[in-house]
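Enquirer: Sequence below, structure please.
(chains A and B)
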There are 2 protein chains.
Amino acid sequence: MTQIAGLEGKMSDHAGYASLLYTDHYQLTMAQAYLQHGLAERRVRFDAFFRRAPNYGEHQAGYAVFAGLEDLLRWMEVARLSDAQAETLLAVEAGGGRRPFDERFVEWLRSRRGWQGVRVLSVAEGRVIHAEAPFVSVEGPLASVQLLETALLNHLNYATLVATKAARLRRIAGGATVLEFGMRRAQGRAAEAGTRAALIGGVDASSNVSTSLALGVAPRGTHAHSFVQAFIASGASEAEAFEAFARSYPDDCVLLLDTVDTLGSGLPNAIATFERLRKRGHEPLGVRLDSGDLAHLAVLVAKELDAAGFPDARITLSNQLDELTIWQVRQQVEEEAREQGQDPQRVLDRLAYGVGTRLITSHGAPSLDGVFKLVAVEDGEGWAPSVKRSDTPEKATIPGAKSLYRVYDARGMATADLVTVHDERPDPSAEMTLHHPRDARRRRLPAHEVSEVEPLLEVVWQDGAATAPSPDLSELRRRRERDEERLDVGVRRLRNPHRYHVSLSAGLWRLKREALGDPAPGPA
Amino acid sequence: MTQIAGLEGKMSDHAGYASLLYTDHYQLTMAQAYLQHGLAERRVRFDAFFRRAPNYGEHQAGYAVFAGLEDLLRWMEVARLSDAQAETLLAVEAGGGRRPFDERFVEWLRSRRGWQGVRVLSVAEGRVIHAEAPFVSVEGPLASVQLLETALLNHLNYATLVATKAARLRRIAGGATVLEFGMRRAQGRAAEAGTRAALIGGVDASSNVSTSLALGVAPRGTHAHSFVQAFIASGASEAEAFEAFARSYPDDCVLLLDTVDTLGSGLPNAIATFERLRKRGHEPLGVRLDSGDLAHLAVLVAKELDAAGFPDARITLSNQLDELTIWQVRQQVEEEAREQGQDPQRVLDRLAYGVGTRLITSHGAPSLDGVFKLVAVEDGEGWAPSVKRSDTPEKATIPGAKSLYRVYDARGMATADLVTVHDERPDPSAEMTLHHPRDARRRRLPAHEVSEVEPLLEVVWQDGAATAPSPDLSELRRRRERDEERLDVGVRRLRNPHRYHVSLSAGLWRLKREALGDPAPGPA
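Expert: Residues are numbered from 1 along each chain as shown, chains lettered A, B, ... in the order given. I've put the predicted structure just below:
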């Protein structure tokens, strides 16, 4: 570890988030080298894409939900190089005691405020996106676009990962309420982006107060075991703790049953509290279960609540839930409810799910492999494709400046995302050929099988500013819902989803073959 | 999702990180209920502990490295309730259109600035900590300590997780350089806490510029594939890209070999660049490999670099590395180096490891199950233990206000962490009895087998402020190193580590049995 003289190892304000230094070191090194070798202003295109939708091990995502764009654009607006940061950067020492960054570069960095000359094309936030399709494409001076890479991936990868997981939870929970409870296990301040992404992905509310309020959404929560414990340790009882909570929150009363003994103490005490609450003119919201066999207890608790005259009291479940555990809880509830002579659907309809750790950390797939790759350089005659081979073949990139379209079939369902050369306009009135991105397979779509070809990339940053005001969170959620409705059930399923087609247009397929020097494909 | 009137779904400044609202909703709900029912000022103790060290699936941690305390204390210093936040909180609506939070509570929240009356006892940041031992214990008014829970866990869980993973990488890498490259896959702003934790855990440097500079540490990096691609797409060659980089950074020249073809193009071009660099009076730092069979390529590249007269050029490896892949790379390098007639140790000594995604996300164990539990309430006569049973037995908590000691054996090695009643002072000159935390097993340590009993908890927050200035990062690293040296090799190993003893004193064991009403243990 090399200490920088004058900055000995203490947290300080020499840099920060709203800074062009919120980046990887090599972005600065490369940008300065471009500047020194006359390449800094050359216009380029980089594509952001991910190679695979999240694979959680026992289950896999068939698509992702795009989130994080708004946070990225807000960062682009505020990122600058302050005087203090400029000084710090000039003080960095590297090999041989040399200072790697010079005054000219620091001046250039200062001039990047507002990202002049950079144009960001993007799929709209909240929409469904697929592996290998460029969901963001950035065009601008080489050194500037290079400098944007780390912050772009940092903002988009994690948010998209969490929105994707949230959408899965939303799906498996059916109409039941899903609450995001992950702040304490979140990766520090990732709680902020994570909660926003979870809301985009479809959770109904979050326990995270500051982020919820920043987004104008009401936060939600119940009470903790410590609430009951504090009353007991002060000489009172669980019943008195429940009564106190019900007095404080007569219209938001959810009681946690398992501090002492769920069925032996928590449930009867809750029912007694609810009866007094009703006499005072209020209806209880319900109960929460946080340990034990959740499905089994939920059925028994539902039966008792019914018998006591509280058939509308909700039962919130929490404790290491994710899409598979919710699936299993629902299955078990159906079976046990029948055994107990209850209507399974009625029990399921009153359940709510509090999801913490496993949503905010995207359990099973804690990172999205989103990358940002140089694909084209302007050479005076247009976009010349840039090629990166790799000793790991799946790391190779589709070269060229591109556009992205979604093709809907005769039923109005999304049948493929079509990646084209940037200035291609697919003609929905003619037969379309969709090429597999890596081999010679192709598929022909006659015009009568195509109901719509929708362009997906729009300009979201240009002339030093975002092109549109911040979107409403509810609009982002609607986008996701609309897109999910137009996905085949097989693509939406939680395990071994059907692979959605991301295809190359005939034009891009030719461009790729020429750029990579691939042999012509055999008859397909 | 319930929109709050007047705050329609756009990111805004109604709340934020430096706020008492950086918390879970139920902390506010409970705090207000305590206030309304006369319990808010009752003095309590909460313990922070984790139930298991990280289990990564195929490998497991035998201990954790404590990190995040400094960030927590800085947050405690700045957290307040602004006028705008107070208004927002009062505007929240809940069931029946009622406003759950009232003016009195908002006034009380405002008065929490500085956490008056709260005392935080903590193990020193950077030190080795173990499952089930309380590494932080907070004492103060019930409503205040409750309010601290979410931020405390949010700051400590993730940082400790990453510091622990970094320490494992440090260990398996031997003396080789380990670099943290994870910013692009980090969970948004978790990059900041994650990089700091990785440095505490022992990585030599990070690519994250802003956090490195904020800590006064020189960031590190090489260049990306895009650098070579940009030159090629501009009509130049890989060789010219390398030459440009070497001209810009003559004393920090690390060249990435696999943009075109590692052995066929990258390596010979790098060697030619290095030869020209040397003629200009500079020595190259080395090369980086980011794809393919890293161990195999490293051996071949080492051989060629030797033959070309660059035996000191380093070889940095990157691409989905973690402790197991580094272990395997080292094993394979040993075998292949011998086959190639090279000295395996010399090849290993020139390797460096760039670790990205799998460190910053703690691959295999993306969360630490750290919790914060009410353990005692002051009742006029002292600390009355608070009990939480659970329908999930491993979720039960050790009751009582406690202290924590580390017991070193005759060799000076740590042999157990001893959890005691808060005012116990273990006597190293007498025989000690160490009780298993959950069953009747116990172990006797005669005085001659104990060389030292070290108290681990110190007061880090009191009277509204941190009790000490921010620690040096290098001091935190030394603490970790010293503690690791005093751990048995079996506890340090990467797979199936020997379980380190966390034991209860005879006094705490009695207190626990009495509080839980457990039957007396049989003869042990």
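Enquirer: Let me see the residues that make contact with stretch A:302-311.
Expert: In this structure, residues lying in contact with stretch A:302-311 by Cβ atoms under 8 Å, 6 or more residues apart in numbering or on different chains are A:267, A:271, A:274-275, A:284, A:287, A:313, A:315, A:337, A:340, A:342, A:346-347, A:350. From N, CA and C alone the C-beta is placed, and that goes for glycine too.
Enquirer: can we see that at 7 Å?
Expert: Stretch A:302-311 is contacted from outside by A:L267, A:I271, A:F274, A:P284, A:A313, A:I315, A:Q340, A:Q342, A:V347, A:R350, using Cβ atoms under 7 Å, 6 or more residues apart in numbering or on different chains.
Enquirer: Mind checking the pLDDT average for stretch A:45-58?
Expert: The pLDDT scores in stretch A:45-58 average 96.
Enquirer: residues of that stretch that come out buried?
Expert: Judged by neighbour count (16 or more other Cβ atoms under 10 Å in any protein chain shown), stretch A:45-58 contains these buried residues: A:R45, A:F46, A:D47, A:A48, A:F49, A:F50, A:A53, A:P54, A:Y56.
Enquirer: okay if I get the residues you listed as a markdown table plus distance to B:L169?
Expert: What follows is those, written out as a markdown table (distance: Cβ to Cβ, whole Å):
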| residue | distance to B:L169 |
| --- | --- |
| A:R45 | 36 |
| A:F46 | 30 |
| A:D47 | 31 |
| A:A48 | 28 |
| A:F49 | 29 |
| A:F50 | 25 |
| A:A53 | 28 |
| A:P54 | 24 |
| A:Y56 | 24 |
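Enquirer: can you tell me which of those are in helices?
Expert: Judged by DSSP state H, the buried residues of stretch A:45-58 include no members of helices.
Enquirer: For the residue nearest to A:V128 when sequence neighbours are not counted, grab the count of nearby residues.
Expert: Nearest residue to A:V128, sequence neighbours excluded (Cβ to Cβ, 6 or more residues apart in numbering or on different chains): A:D483, at 3.8 Å. By other Cβ atoms under 10 Å in any protein chain shown, the residues close to A:D483 number 20.
Enquirer: from memory A:D483 sits against A:R127, does it?
Expert: Yes - using Cβ atoms under 7 Å, A:D483 is in contact with A:R127, at 5.3 Å.
Enquirer: tell me the domain boundaries of chain A?
Expert: Here the domain assignment for chain A is A:25-110+A:123-164+A:369-516, A:165-360, based on automatic domain parsing.
Enquirer: could you dump the contacts of stretch A:302-311 to JSON lines with pLDDT, distance to chain B and secondary structure?
Expert: Listed next are those as JSON lines, based on pLDDT from 0 to 100; distance: Cβ to the nearest Cβ, whole Å; DSSP: H, G, I helix; E, B strand; the rest coil:
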{"residue": "A:L267", "pLDDT": "98", "distance to chain B": "12", "secondary structure": "helix"}
{"residue": "A:I271", "pLDDT": "98", "distance to chain B": "18", "secondary structure": "helix"}
{"residue": "A:F274", "pLDDT": "98", "distance to chain B": "14", "secondary structure": "helix"}
{"residue": "A:P284", "pLDDT": "97", "distance to chain B": "10", "secondary structure": "coil"}
{"residue": "A:A313", "pLDDT": "97", "distance to chain B": "13", "secondary structure": "coil"}
{"residue": "A:I315", "pLDDT": "98", "distance to chain B": "15", "secondary structure": "strand"}
{"residue": "A:Q340", "pLDDT": "92", "distance to chain B": "19", "secondary structure": "coil"}
{"residue": "A:Q342", "pLDDT": "94", "distance to chain B": "21", "secondary structure": "coil"}
{"residue": "A:V347", "pLDDT": "96", "distance to chain B": "19", "secondary structure": "helix"}
{"residue": "A:R350", "pLDDT": "96", "distance to chain B": "16", "secondary structure": "helix"}
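Enquirer: Okay then, goodbye and thanks.
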